[in-house]
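Student: Can you look at this prediction? I've put the sequence above it.
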Amino acid sequence: MSFDVAQVRQDFPALSDGVAYFDGPGGSQVPRQVAEAVARTMTAGLANRGTVTAAERRAEDVVVGARSAVADLLGCDPRGVVFARSMTQATYDVSRALAREWRPGDEVVVTRLDHDSNIRPWVQAAERAGATVRWVGFDRETGELPVDAVRAELSDRTRLVAVTAASNVLGTRPDVPAIAAAAHEAGALVHVDGVHLTPHAPVDVAALGADFFACSPYKFLGPHHGVVAASPELLERLHPDKLVPSSDQVPERFELGTLPYELLAGTTSAVDYLAGLASDAADRRTRVLESMAAIERHEERLFARLLEGLRSVAGVRLYGDPARRTPTAYFTVAGRSNREVAEHLAAAGVNAPASHFYAIEASRWLGLGDDGAVRAGLAPYTNADDVERLLAGVAELAR
């Protein structure tokens, strides 16, 4: 099978409004198959998970099915897939559980490239434990995060390294396996923010070296909630606060309250949808890998044109030029405020918002303060016409 963007676009009802959506990094549009899965689940008989009634069994099947789907997406053990309200909540939960083992003098490493959800939970947990926070900057010109810069902050007191798999503003894809190897050599755990990578490339948690890998289904065509994946053995070591009668089994001990069954059903549907975009292999994990590779090639071709076009417009400044990146452009237009650019594009039917997008440390490190810049991110449903419309809108404003 080959990737057919025209066919893909027919599955997204939102695209009928004629808007070119470049705001996927903040939340992708949703195919009708996912919406239908959510609706089916909400209109079927449901109950708390169990084995007696059909409604109980249906709820159980939804949860087990979602863990299996996410495991196939990420290449991890379904027994280590934890669901949460959001990636931010999941990271806070993990940080609090881990910090119980930290002592004064211990160290935590964070990077200025990261979204704040992979910074602040660790900084705040370290402060409460009396641990020291080590900050790693990135190259302001290229947007690269050098492995040596991370390695320089490691010591035998390092307890955790938090790093992004892809910057949600610059698209930078750090060498996570090398960073993880260095962290593990120092005896530290590695928490990887995979929110911005997962929609754009094949993911293999073990190959990345991630002890924890967090992502958000609503960034990869699914519903709004969060996921963190880890080995069941690692999760067994952690004991988060929970209610007395709630399960102490892994991963359930990390999932507070009743899970949102309809969202989990939508997540399974999203994984199945992605897996079928460019592969008809028998095994879902294989379909995921083949289809995500095809999506990556599709987005890379369009992104090359987007970068070429933006660089040709006088007054446009692009931030970051990493060697490996997701299809994400972060830019300003001379003489125009970020809001002016976003509003002008919106009036032309192009959604490319402006902000720091919670990558507040990266924005400040780049000299953009708390205002940030305009972000244009591609998605599987983006086509060449979308790119040309964005470029035309920016060129018109720059004149």
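Tutor: Yep, that arrived.
Student: CA atoms for contacts and neighbours, from now on please.
Tutor: Noted.
Student: residues contacting residue 55?
Tutor: 45-48 (CA atoms under 8 Å, 6 or more residues apart in numbering).
Student: Go through the one helix or strand it maps to and flag the buried ones.
Tutor: Counting by DSSP states H and E, the element that carries residue 55 is helix 54-74. By 16 or more other CA atoms under 10 Å, the buried positions in helix 54-74 come out as 55-63, 65-74.
Student: repeat for stretch 356-369
Tutor: Using 16+ other CA under 10 Å as the test for burial, stretch 356-369 gives 356-363, 366, 368.
Student: State the pLDDT value of the residue in the chain sticking out farthest from the centre.
Tutor: Computed with CA atoms, centre = their mean, the residue of the chain farthest from its C-alpha average is residue 52, at 37.1 Å. Note on residue 52: pLDDT of 96.
Student: Roughly how far does it sit from residue 60?
Tutor: To residue 60, residue 52 is 11 Å away according to CA to CA, to the nearest Å.
Student: got it, and residue 118?
Tutor: 31 Å.
Student: How about residue 98?
Tutor: From residue 98 across to residue 60, the span is 29 Å (CA to CA).
Student: Could you do residue 311 as well?
Tutor: 52 Å.
Student: Number of residues surrounding the nearest residue to residue 175 once chain neighbours are set aside?
Tutor: Residue nearest to residue 175 in three dimensions, not counting chain neighbours: residue 147, with 6.9 Å by CA to CA, 6 or more residues apart in numbering. By the measure other CA atoms under 10 Å, the count of residues near residue 147 is 18.
Student: Surely residue 147 is in contact with residue 180?
Tutor: No: checked against CA atoms under 8 Å, the pair residue 147 and residue 180 is beyond contact range at 9.5 Å.
Student: all helices for the stretch 151-300 of the chain, in order.
Tutor: Secondary structure of the stretch 151-300 of the chain by DSSP state H, counting those that start in this stretch: the helices cover 176-185, 205-208, 232-237, 261-275, 284-311.
Student: how about those, which one is nearest residue 83?
Tutor: Residue 83 lies closest to helix 261-275 among these, at 8.6 Å (CA to CA).
Student: about what we covered before: for the helices of the stretch 151-300 of the chain, which one ends up most surrounded?
Tutor: Ranked by average neighbour count under the criterion mean count of other CA atoms under 10 Å, the helices of the stretch 151-300 of the chain are headed by helix 261-275 at a mean of 25.
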